[in-house]
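Chemist: coords please:
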Amino acid sequence: MTVGRKDNASAKDLVGALIKEVGLQKGQIGKIDVRETFSLVEVAAQVADEAVRRLTGVTIRGRRIAARPDRARAYFLLLTACFSCFPARNAGAIDALI
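Modeler: Next up is the predicted model:
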């Protein structure tokens, strides 16, 4: 399962994790799209790999998450450990965003 609205995750929760757990500054965080079952987060390209690495294993709203980079840009998906439940990439998934 992924972390999203169904888990009561909000953009505020994700920003808090990025600042507290990863050590990012607010200026390094871009658009955040919290969807029903997963979340997309835009971060500065130079910190994307570090954010993915440091967020994996963090708990957000009671869910242990894993992060992976999005293929399109410097975005990443926040996922729980259940990768078999990950939905196929959505055609409308914010290519203009994460």
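Chemist: Surely residue 49 touches residue 69?
Modeler: Yes - counting by Cβ atoms under 8 Å, residue 49 touches residue 69, with 7.3 Å between them. All C-beta spots, glycine's among them, are computed from the backbone N, C-alpha and C.
Chemist: Compare those two (neighbour count), which wins?
Modeler: Using other Cβ atoms under 10 Å, the more surrounded residue of residue 49 and residue 69 is residue 69, with 16 against 13.
Chemist: Look up the pLDDT of that one for me, please.
Modeler: With respect to pLDDT, residue 69 scores 83.
Chemist: Would you quantify the distance from it to residue 53?
Modeler: Using Cβ to Cβ, to the nearest Å, residue 69 is found at 10 Å from residue 53.
Chemist: try residue 38
Modeler: From residue 38 to residue 53 the distance is 19 Å (Cβ to Cβ).
Chemist: Of those two, which one has the most company?
Modeler: residue 38 (25 against 11).
Chemist: Phi, psi for that one please.
Modeler: As for residue 38, its main-chain torsions (degrees, to the nearest 10) stand at phi -160, psi 170.
Chemist: For this structure, name the helix or strand with the lowest mean pLDDT.
Modeler: One helix or strand of the chain scores below all others by mean pLDDT, DSSP states H and E: strand 75-80, with a mean of 49.
Chemist: List the buried residues of stretch 14-23.
Modeler: Buried residues in stretch 14-23, counted by 16 or more other Cβ atoms under 10 Å: 14, 17, 18, 22.
Chemist: Spit out the contact partners of the closest residue to the third one other than its chain neighbours.
Modeler: Closest residue to residue 18 in three dimensions, ignoring its sequence neighbours and counting by Cβ to Cβ, 6 or more residues apart in numbering: residue 24, at 4.7 Å. When contacts are counted by Cβ atoms under 8 Å, 6 or more residues apart in numbering, residue 24 is found next to 18, 43, 44, 47, 51.
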